[in-house]
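A.B. asks: Need the 3D shape of this:
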Amino acid sequence: MIDEQPNIDYIKQLSGGDVEFEEKMLSILKQELPVEIKTYQNTLKINDLNQTAEIVHKIKHKISILGLEKSYELTVQYEKELKEGDKSKHEDFLKILNTMSDFLTK
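C.D. replies: Coordinates of the predicted model:
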């Protein structure tokens with residue numbers, strides 16, 4: 001189990017102190033992530049692992065933006081394994097998604 005907490009350090013670094021930019025970035029994450037999680041669950045449910053890998057790829061960038069380095073590494077591996085038909089990292093990936101969702105709803 002990966003024990004790390006999301007943060008907005010990277011967003012703050014990108015913004016150069018522009019609070020409006022930071023709020024806009026967080027707003028985009030809050031809008032897109034729930035949709036992408038739903039898509040992830042749906043593609044997994046119908047066992048379309050190529051589509052699942054694509055959505056994991058999109059989510060991977062959000063994981064990076066939220067400073068989750070260990071989770072990012074796991075996601076890189078999971079994306080690769082999905083393309084090979086292996087979905088054994090699903091539970092770990094769900095925990096990452098839940099951690100991100102909880103953070104963004106605060």
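A.B. asks: longest helix anywhere in this protein?
C.D. replies: helix 19-45 (DSSP state H).
A.B. asks: okay, now the nearest residue to Lys30 once chain neighbours are set aside: neighbour count?
C.D. replies: Leaving aside its chain neighbours, Lys30 sits nearest to Leu104 (4.9 Å; criterion: CB to CB, 6 or more residues apart in numbering). (C-beta placed from N, C-alpha, C; glycine too.) Other residues within reach of Leu104, judged by other CB atoms under 10 Å, total 18.
A.B. asks: Run through this structure and note the low-pLDDT ranges.
C.D. replies: 1 (pLDDT under 70).
A.B. asks: one step back: which SSE is immediately downstream of the longest helix of the chain?
C.D. replies: Remark: after helix 19-45, the chain's next helix or strand is helix 49-65, criterion DSSP states H and E.
A.B. asks: And that next one, what's buried?
C.D. replies: When burial is assessed from 16 or more other CB atoms under 10 Å, helix 49-65 yields the following buried residues: 49, 51-56, 59-60, 62-63, 65.
A.B. asks: and the next element down the chain from it?
C.D. replies: Heading C-terminal from helix 49-65 (DSSP H and E), you reach helix 69-83.
A.B. asks: Spatially, which residue comes closest to Glu36, not counting chain neighbours?
C.D. replies: Glu36 sits nearest to Ile59 (CB to CB, 6+ apart), 5.3 Å away.
A.B. asks: For that neighbour, give me its contacts.
C.D. replies: Counting by CB atoms under 8 Å, 6 or more residues apart in numbering, Ile59 touches 33, 36-37, 40, 75, 97.
A.B. asks: repeat that for 10 Å
C.D. replies: In this structure, Ile59 makes contact with 32-33, 36-37, 39-40, 75, 79, 93, 96-97, 100, judged by CB atoms under 10 Å, 6 or more residues apart in numbering.
A.B. asks: ok, so of those residues, who is nearest Glu4?
C.D. replies: Relative to Glu4, the closest of those is Ile96; by CB to CB it sits at 9.4 Å.
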